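Asks: Next input, structure requested:
(chains A and B)
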Number of protein chains: 2
Amino acid sequence: MPPLPAPGVSPGVRLGILGGGQLGRMLALAAARLGIPCHVYADRPDSPAFEVVRDTTCADYADEAALARFAQSVDIVTYEFENIPDSAVALLERLRPVLPGVRALATTQDRLSEKRFVRGLGLATAEFAEVSSRADLEAAVAAIGRPAILKTRRLGYDGKGQAAIRAGTDLDAAWRAVGMAPSILEAFVPFEREASVVAARGADGTVRPFDLTENVHRDHILHTSTVPADVPAAVAEEAMAIAAAIGAGLDFVGVFAVELFVLPQGAESRLVVNEIAPRVHNSGHWTLDGCTVSQFEQHVRAVCGLPLASPRRLGRVVMTNLIGAEVESWRELLAEPGAALHLYGKAEARPGRKMGHVTRLDPLS
Amino acid sequence: MPPLPAPGVSPGVRLGILGGGQLGRMLALAAARLGIPCHVYADRPDSPAFEVVRDTTCADYADEAALARFAQSVDIVTYEFENIPDSAVALLERLRPVLPGVRALATTQDRLSEKRFVRGLGLATAEFAEVSSRADLEAAVAAIGRPAILKTRRLGYDGKGQAAIRAGTDLDAAWRAVGMAPSILEAFVPFEREASVVAARGADGTVRPFDLTENVHRDHILHTSTVPADVPAAVAEEAMAIAAAIGAGLDFVGVFAVELFVLPQGAESRLVVNEIAPRVHNSGHWTLDGCTVSQFEQHVRAVCGLPLASPRRLGRVVMTNLIGAEVESWRELLAEPGAALHLYGKAEARPGRKMGHVTRLDPLS
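Replies: Now for the predicted structure:
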């Protein structure tokens, strides 16, 4: 349980954020709206989040002395990414509340435990099999069939640590492609579209989901998010129920995202859980401009023990990521009526790097 | 003219902000959305804006060495309040573009020059007379009549440096109340309501006003701003024309506010210019939650030579200031559906101090 700040002239809480990317940056900006100062801990001096806070620590995630000083300087610790070393979380937890909790982190850091957790809730996932060796891979492909996707259990994101196994794919090559790391094989899901629920859950169990978002990926990286998703109301309601069940099952405090496959009409179950992100999520960036409260503010409220807001969407919204050199269109985007531009302050536009995003809101629909 | 940043992965401009209050804080937060880092210069270590930027200078506004270092660390200088010492502006102007320019500042720092400027545009103001001595005051009251308001020419805000002169008011007391400083006497304007236009003006002369805002003051401090103002469309259009004329007359670059008195129907002219603020303005805070672009972002765009956005209001909006102890209601406000809370991170809730604001948006109207 997070401590409940005493009434006073401000929430009076200091928030520590592990991770200094754009998610940490936007969390710190949301905290600032509420008068909450943040201390950002990251391992790279050019971390975008360092620019928007007074207190920063640039140190390795294994630096125990730096972690301890960081924890002692704040009241609550949260994180912007799920791949924090266990040792860091364990150390921090001894000193301050770390939210979302270690249980949510442990479950979602590992694709195998995540899949088992989701199945345990009675929810649909892709067929999957554990792959710890080359022999396992052979057996898994035999059981699940092709096409399928081999994914490392840990540390994957934006398509990294994945290998597609199609009709002619050589299994040796696939096994090398994932670095022979502990993995799972997932059956290919013939989805009609991809969607996600971004939801906030408070320490008291209150769940406040944002509207169902439809996502399009390009090269395994999110390209656009459109809200509302083009699905029947019953499907959107089912998605909300899935998110609520997952949040409760993880005893989650904060904002999380559930990525879903929407199957074509006529399928037994129309929604299949793809992945859980135990943090604010790229597919929730539209809330900054298209909703009465942002996912970042909801996360800050949840982890700081403050009441959650009741999100209201302001219209039809399309969020488009600016990946790599796409960010060079920033001047045209600034001039485009109705476009809200966000740039993350990254100096170098490497291919595949998330540099910013643009949100287009149509308030009439 | 501000320099136009070259195309690239970001605007690539560093913005210096003079003044560290809530306006500077919200300017820096808006700049951060666009990937623009800010350096805040303020004279108090507990300045709210220091918390949201990496680069800070805490020094007196007369510290020439500190001012020079500040200017050299940024590309463009702007300010959050109009009462900057002339000497500081003169020094900064020799090193970097200072926007809005010195002409706008000089005209609006002095109530007398401001009134003359507005009259020179053919716009209506209250009747006024210069008061430089006790004898002037006597003559001014004889000419203008009672009730009237005596105001210092410089450094007044939120009712400070003002004395009402009613039927029985002793003129000696009034003259002492304004510290015997150079002043003007203004006739009382029997207004029906108060309103303001907050507008952005680019270096190329483009003007983008926000919708006319209706303001209610309590104890000379803004209490609520409601948008749209409850006036006929022709009056709102007249207000926009007045703002455009003032912006052009000052050759203004950035966001400014024009406070207006709305006279009852039947008056010869329904709008009288009360005051010009050469900066972002409290009556524009509603734009953070009730518009597709905020006044703060528009100001950053204007002074950095970036294209202005085209503001679109998202519904009917009411902004309420949280003054002094009113901020203690923050927890209830966080729990109120539809209320967007902003806290400025000030530790002490002194009477009359602006501690935060809350915006209520009704997206349907």
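
Asks: which strands and helices sit next to the longest helix seen in chain A?
Replies: Using DSSP state H, we find that the single longest helix of chain A is helix A:233-249. Under the contact criterion of 3 or more Cβ pairs under 8 Å, 6 or more residues apart in numbering or on different chains; DSSP states H and E, helix A:233-249 touches helix A:111-120, strand A:193-201, strand A:207-209, strand A:254-262, strand A:271-277. Quick note: C-beta positions are derived from backbone N, CA and C, even for glycine.

Asks: The first one versus strand A:254-262: what angle between them?
Replies: I take that to be helix A:111-120. 80 degrees (axes from the mean of the first three to the mean of the last three Cα atoms, to 10 degrees).

Asks: ok so, going back, ok, which of the helices and strands packed on helix A:233-249 comes nearest A:Arg94?
Replies: strand A:254-262 (19.9 Å; Cβ to Cβ).

Asks: for that closest one, which positions count as buried?
Replies: Burial within strand A:254-262, assessed by neighbour count using 16 or more other Cβ atoms under 10 Å in any protein chain shown, is assigned to A:254-262.

Asks: That one close to chain B?
Replies: No: on the criterion Cβ under 8 Å from any Cβ of the partner chain, strand A:254-262 is out of touch with chain B, staying 15.9 Å away.

Asks: Also stretch A:11-30?
Replies: Yes: legend: contact between stretch A:11-30 and chain B by Cβ under 8 Å from any Cβ is shown at A:11, A:25, A:28-29.

Asks: now do the same end-to-end measure for that stretch.
Replies: 13 Å (Cα to Cα, to the nearest Å).

Asks: what's the farthest-apart pair in the residues of stretch A:11-30 next to chain B?
Replies: A:Pro11 and A:Arg25 (20.0 Å).

Asks: okay, how far is it across stretch A:58-74, tip to tip?
Replies: End-to-end distance of stretch A:58-74: 16 Å, with Cα to Cα as the criterion.

Asks: I'd like the mean pLDDT over stretch A:211-229, please.
Replies: Average pLDDT, stretch A:211-229: 96.

Asks: Throw the buried residues of strand A:254-262 into a markdown table and include pLDDT, thanks.
Replies: Listed next are the buried residues of strand A:254-262 as a markdown table, based on pLDDT from 0 to 100:
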| residue | pLDDT |
| --- | --- |
| A:Gly254 | 98 |
| A:Val255 | 98 |
| A:Phe256 | 98 |
| A:Ala257 | 98 |
| A:Val258 | 98 |
| A:Glu259 | 98 |
| A:Leu260 | 98 |
| A:Phe261 | 97 |
| A:Val262 | 97 |
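
Asks: where are the low-confidence patches of chain A?
Replies: In the predicted model, chain A carries pLDDT under 70 at residues A:1-10, A:156-159, A:364-365.

Asks: So it: which segments form each domain?
Replies: Structural domains assigned to chain A are A:15-98, A:127-187, A:193-362, following automatic domain parsing.

Asks: Output those in JSON lines, with distance to A:Arg119 appended to each entry.
Replies: JSON lines is the format used below for those (distance: least, Cβ to Cβ, whole Å):
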{"stretch": "domain A:15-98", "distance to A:Arg119": "20"}
{"stretch": "domain A:127-187", "distance to A:Arg119": "9"}
{"stretch": "domain A:193-362", "distance to A:Arg119": "9"}
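
Asks: hmm, back to that, more crowded one of A:Pro11 and A:Arg25?
Replies: Each of A:Pro11 and A:Arg25 has its neighbours counted (other Cβ atoms under 10 Å in any protein chain shown); A:Arg25 has more, 30 against 27.

Asks: quick one, phi/psi of the nearest residue to the more buried one once chain neighbours are set aside?
Replies: Nearest-residue entry for A:Arg25: A:Ala49, 4.1 Å, with adjacent residues in sequence omitted and distances by Cβ to Cβ, 6 or more residues apart in numbering or on different chains. The phi/psi pair for A:Ala49 (degrees, to the nearest 10) reads phi -70, psi -20.

Asks: Could you count how many residues lie near A:Ala49?
Replies: By other Cβ under 10 Å, neighbour count at A:Ala49 equals 27.

Asks: again, but for A:His220
Replies: By other Cβ under 10 Å, neighbour count at A:His220 equals 12.

Asks: I'd like the distance from it to chain B, if you could.
Replies: 22 Å (Cβ to the nearest Cβ, to the nearest Å).

Asks: Pretty sure that residue sits against A:Gln162.
Replies: Yes: if you go by Cβ atoms under 8 Å, A:His220 and A:Gln162 touch, sitting 7.2 Å apart.

Asks: and A:Ala244, what does it touch?
Replies: A:199, A:207, A:209 (Cβ atoms under 8 Å, 6 or more residues apart in numbering or on different chains).

Asks: just the residues you listed now: which is nearest A:Asp55?
Replies: A:Ala199 (29.3 Å).

Asks: partner residues bridging the closest one?
Replies: A:Pro209, A:Phe256 (DSSP bridges).

Asks: Not counting sequence-adjacent ones, nearest residue to the closest residue to chain B within the stretch 1-150 of chain A?
Replies: Residue nearest to chain B within the stretch 1-150 of chain A: A:Gly35 (3.0 Å; Cβ to the nearest Cβ). Using Cβ to Cβ, 6+ apart and skipping residues adjacent in sequence, the residue nearest A:Gly35 is B:Leu343, 3.0 Å away.

Asks: thought that neighbour was touching A:Arg33?
Replies: Yes: counting by Cβ under 8 Å, a contact exists between B:Leu343 and A:Arg33, whose distance comes to 7.5 Å.

Asks: one step back: considering the contacts of A:Ala244, which possesses the most neighbours?
Replies: The contacts of A:Ala244, ranked by neighbours (other Cβ under 10 Å): first place A:Ala199, 28 neighbours.

Asks: related to what we said a few turns ago, if we go by neighbour counts, what in the longest helix of chain A is buried?
Replies: For helix A:233-249, by 16+ other Cβ under 10 Å, it's A:235-236, A:238-240, A:242-247, A:249.

Asks: ditto for stretch A:172-185
Replies: Buried positions in stretch A:172-185, judged by neighbour count with 16+ other Cβ under 10 Å: A:174-175, A:177-178, A:182-185.

Asks: which among these gets closest to chain B?
Replies: A:Ala177 (30.5 Å).

Asks: Provide the backbone phi and psi angles at that closest one.
Replies: In terms of degrees, to the nearest 10, the main-chain angles of A:Ala177 are phi -60, psi -30.

Asks: same deal with A:Pro100?
Replies: According to degrees, to the nearest 10, A:Pro100 has phi -60, psi 150.

Asks: How about the one 10 residues further on?
Replies: Listed backbone geometry of A:Asp110 is phi -120, psi 120, with angles given as degrees, to the nearest 10.

Asks: That concludes my questions; thank you for your assistance.
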